[in-house]
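Undergrad: Below: sequence and its predicted model.
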Amino acid sequence: MKLTKTVWATAVASTLLVASLSAQAQSKKELVQKLIDMQQSSLENTARGLTENPARQLVAAAQQVIVQGVPEDKREATAKQVDAEIKKYLDAANPIVRASTIKQSQAAVAPLLEEKFTDDELKQLVTMLDSPVLKKYQGLLPEMSKTLVDKVVADARPQVDPKLQTAQTNIRTILDKATGGKLSQQQPSAPAAAKPKAK
């Protein structure tokens, strides 16, 4: 009888231990999921950045070609066509990259959080990220960033613009030389000085 009670007690204790460990593991997974959910806007910003960076590069390259190679009377219409293509790309690519980012966050980020943080650390992290003060601070970050960028641009532009123009001119000269003068042939020529009429 005593042996039966011992076996029974051991079985109950083992079941409770397994249930406790299972609940703890589930709890950790829930904490990780909560962290990922809390970072949703950050994940979406990452996705947006992934799609917008190539678009910015396309726009920059197109602007240069428009300025250098498109007749002035066709520049505005050409720029509108380029803008429409960029918008089509962003409208098509943003949802794809957003969905992939959210899906991959489960596969890539969740296991790292589970591995690198204890349950207690995850709870602290959730509490910290859920703080109203932190949310207020994070909400202010875009405004702080824009204010800083505006001030830096206003302060540094007079000194940086001449350097940028010099670099652009030098690069154009290098490229013109390397292409056998093709770039200078593409530039619209300055109107010739009016010649006096022969009498």
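TA: On my side now, so go ahead. Numbering: from 1, shown residues only.
Undergrad: Local confidence estimate at the most centrally placed residue in the chain?
TA: Central residue of the chain (Cα atoms, centre = their mean): residue 49, 2.2 Å from the mean position. pLDDT recorded at residue 49 is 89.
Undergrad: That one: which element?
TA: If you go by DSSP states H and E, residue 49 is part of helix 40-69.
Undergrad: Quick one: residues contacting the residue nearest to the centre of the chain.
TA: Residues counted as contacts of residue 49 (Cβ atoms under 8 Å, 6 or more residues apart in numbering): none. From N, CA and C alone the C-beta is placed, and that goes for glycine too.
Undergrad: now with 10 Å?
TA: Listed by Cβ atoms under 10 Å, 6 or more residues apart in numbering, the contact set of residue 49 reads 56, 97, 101.
Undergrad: how about these in JSON lines, adding pLDDT and distance to residue 68?
TA: Shown next, in JSON lines, are the contacts of residue 49 (pLDDT from 0 to 100; distance: Cβ to Cβ, whole Å):
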{"residue": "56", "pLDDT": "91", "distance to residue 68": "19"}
{"residue": "97", "pLDDT": "91", "distance to residue 68": "31"}
{"residue": "101", "pLDDT": "88", "distance to residue 68": "36"}
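Undergrad: In TSV: these, plus distance to residue 153.
TA: Output for the contacts of residue 49, formatted as TSV (distance: Cβ to Cβ, whole Å):
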residue	distance to residue 153
56	17
97	29
101	30
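Undergrad: Let me know the closest of the residues you listed to residue 166.
TA: residue 56 (23.4 Å; Cβ to Cβ).
Undergrad: dump the residue contacts of the closest one.
TA: 49, 86.
Undergrad: tally of neighbours for residue 105?
TA: Residue 105 has 19 neighbours, counted by other Cβ atoms under 10 Å.
Undergrad: Show me which positions of the helix or strand just after the helix holding residue 49 end up buried.
TA: Per DSSP H and E, helix 40-69 leads on to helix 72-104 as the next helix or strand towards the C-terminus. Neighbour counts over helix 72-104 (16 or more other Cβ atoms under 10 Å) mark 79, 82, 86, 93, 94, 97, 98, 101 as buried.
Undergrad: Pick the one among those closest to residue 112.
TA: residue 101 (15.2 Å).
Undergrad: report the longest helix in this structure, please.
TA: Using DSSP state H, we find that the single longest helix of the chain is helix 132-178.
Undergrad: which regions of the chain sit below the pLDDT cut-off?
TA: 1-26, 175, 179, 182-183, 186-199 (pLDDT under 70).
Undergrad: picking up where we left off before, could you give the angle of the helix holding residue 49 to helix 72-104?
TA: On the basis of axes from the mean of the first three to the mean of the last three Cα atoms, to 10 degrees, helix 40-69 is oriented at 160 degrees to helix 72-104.
Undergrad: just how off-centre is helix 40-69 within its chain?
TA: Distance of helix 40-69 from the chain centroid (Cα atoms, centre = their mean, to the nearest Å) equals 10 Å.
Undergrad: which two in the buried residues of helix 72-104 are spaced the farthest apart?
TA: 79 and 101, at 30.4 Å, using Cβ to Cβ across the buried residues of helix 72-104.
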